[in-house]
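1. compute the structure for the input listed below.
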Amino acid sequence: MKTIYAKRTVLLAAAVAAASFAGTASAVDFEVGDTTASVYGYAKLDMIYDVDADLGNAVTPKNIRLDGADGPDGHTNFHAKQSRIGFKTSTPLAGSTLNTTIEGDFYGSGNDTLRLRHAFGEWNGILAGQTWTNFGGFLGMTPTIDFTGQPGQGNIGRQAQLRYTTGGFSVALEEPGTAGQTPNAGYSFPNLVTVNGMSIPIGETDVDAAKNSLPDLTMRYQHSGGDFNFAASGVLRELSYDAEGKPAAPQGWDDDSAMGWGVNLEASAKLSPAMTLRASLTHGDGIGGYLYGNPTAPAQVDDNGDLETIEATGGTLGMSMAAGSGNINLAYGIATADIDAGNDRFDSLFLNYIWSPVDRISYGIEAGYHTREQANGDDGDAVRLQGMAMYSF
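-> Got it, this is the predicted structure:
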């Protein structure tokens, strides 16, 4: 079993060989009447070697093997699931502009099936459809090759919403059970069959008593000021469960609700033409998945049937430095949750070099070190080495 120091040596050795990011936005544009349309996307190959346990197509925290657990080391995985295609339109309409976007990639369930990423329209400050949540953003996010990226920032996921934006301020009503997740309110009851007048268990059926009664309310303000940009976000949400009327509910379980909330601060600063710093801080109670990489649910039901929200905190810190035709990126992120038994934690450290030899083509190499710790004190760590080739259109 490799020691933590040996793994860090592997990480640093690979990173020394890494050498910056120069991404370019590309599209194929054409006009139909008053409408300008664009088709865009890229094909990307990810080449992955996991020194320890197999972490999946993107780093999956639960796949980090805990110390003392047995399992095979050394896994190679090539895939192109992050490849994506999108279609945008822009049409002048009634003194404003109607914009629409539909985009997908191949991280859907099954074998490389198409997954909906974005599907929304915007007109006169009103956005409707599925796109990035209004909570959190990209200011505190440092580029990584791994699709998962830094834990601890405001969620960078996409969900259905109705949003209004004026200037740097935006407010939205969002789907409550996707990014934010639902409370841990599941239980099992035995399936019974009657034989000769006797009830005999033949298995168990899982029941999820969690429910979503109201949409999540998110608010965000972003200031863009040249070399320094910052943003603040907030979320308010109702968390609830209802076991009344469900079969074999645990004694004392009925129904309960609680309010959850979260705040996010993020900033980026260009210190020089060659160096940019990024950071974010996220905290909340019942925040759930609005904290990216949160290792626990937003709430849980205690033995008395009361719904208890779970407090969680995260943060990110990163640096990008120009080098040659790209950038060297160093990025760290951590997400922790405070539950009765202790703290759950997930953190990641990335070091990569992403470069573009010519327009529309990007290559990269990355080393990542990932750890997790359970509330009972069990922990584990893993090293991932990854390369990429991306061709945009």
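2. what about residue 321, distance to residue 276?
-> 8 Å (C-beta to C-beta, to the nearest Å). For every residue, glycine as well, the C-beta is placed using N, CA and C.
3. neighbour-wise, which of those two wins?
-> residue 276 (19 against 16; other C-beta atoms under 10 Å).
4. name the helices or strands packed onto the helix or strand where that one lies?
-> Using DSSP states H and E, residue 276 sits in strand 275-285. Helices and strands touching strand 275-285, by 3 or more C-beta pairs under 8 Å, 6 or more residues apart in numbering; DSSP states H and E, are strand 255-272, strand 311-323.
5. in its sheet, what does that strand sit against?
-> strand 255-272 (antiparallel), strand 311-323 (antiparallel) (DSSP bridges).
6. pull the distance from the longest one to the chain's centre.
-> In terms of C-alpha atoms, centre = their mean, to the nearest Å, the centre of strand 255-272 is found 14 Å from the chain centre.
7. in that strand, what's buried?
-> 255-256, 258, 260-268 (16 or more other C-beta atoms under 10 Å).
8. in the residues you listed, find the pair that's most separated.
-> Taking C-beta to C-beta as the measure, the buried residues of strand 255-272 span a maximum distance of 43.8 Å, between 255 and 268.
9. so, low pLDDT: which residues of the stretch 101-250 of the chain?
-> 192-197, 199-202 (pLDDT under 70).
10. confidence score at residue 359?
-> Per-residue pLDDT puts residue 359 at 94.
11. burial measure for the closest residue to residue 96 other than its chain neighbours, as a count.
-> In this structure, residue 96 finds its nearest non-sequential neighbour in residue 124, 4.4 Å apart by C-beta to C-beta, 6 or more residues apart in numbering. Using other C-beta under 10 Å, the number of residues around residue 124 comes to 12.
12. list the contacts of stretch 174-182.
-> For stretch 174-182, the surrounding residues in contact (C-beta atoms under 8 Å, 6 or more residues apart in numbering) are 133-135, 155, 157, 159-161, 208, 210-212, 214-218, 235, 237-239, 260, 287-290, 297-298.
13. same thing but at 6 Å, please
-> With contacts defined as C-beta atoms under 6 Å, 6 or more residues apart in numbering, stretch 174-182 is touched by 133, 155, 157, 159-161, 210, 212, 215-216, 218, 237, 288-290, 297-298.
14. shouldn't residue 289 be within a helix?
-> Yes - according to DSSP: H, G, I helix; E, B strand; the rest coil, residue 289 belongs to a helix.
15. that one: neighbouring residues, count only.
-> Using other C-beta under 10 Å: residue 289 sits among 20 other residues.
16. distance of it relative to residue 350?
-> In terms of C-beta to C-beta, residue 289 sits 21 Å off from residue 350.
17. give me the sheet partners of the one helix or strand residue 89 maps to and which way each runs.
-> In the assignment (DSSP H and E), residue 89 maps to strand 84-93. The pairing partners recorded for strand 84-93 under DSSP bridges are strand 35-50 (antiparallel), strand 96-105 (antiparallel).
18. follow-up on the earlier one: dump the buried residues of strand 255-272 to JSON lines, plus distance to residue 41 and pLDDT.
-> Below are the buried residues of strand 255-272 laid out as JSON lines (distance: C-beta to C-beta, whole Å; pLDDT from 0 to 100):
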{"residue": "255", "distance to residue 41": "46", "pLDDT": "92"}
{"residue": "256", "distance to residue 41": "46", "pLDDT": "94"}
{"residue": "258", "distance to residue 41": "42", "pLDDT": "96"}
{"residue": "260", "distance to residue 41": "36", "pLDDT": "97"}
{"residue": "261", "distance to residue 41": "37", "pLDDT": "98"}
{"residue": "262", "distance to residue 41": "32", "pLDDT": "98"}
{"residue": "263", "distance to residue 41": "34", "pLDDT": "98"}
{"residue": "264", "distance to residue 41": "29", "pLDDT": "98"}
{"residue": "265", "distance to residue 41": "32", "pLDDT": "98"}
{"residue": "266", "distance to residue 41": "27", "pLDDT": "98"}
{"residue": "267", "distance to residue 41": "30", "pLDDT": "98"}
{"residue": "268", "distance to residue 41": "26", "pLDDT": "98"}
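19. no more questions from me, cheers.
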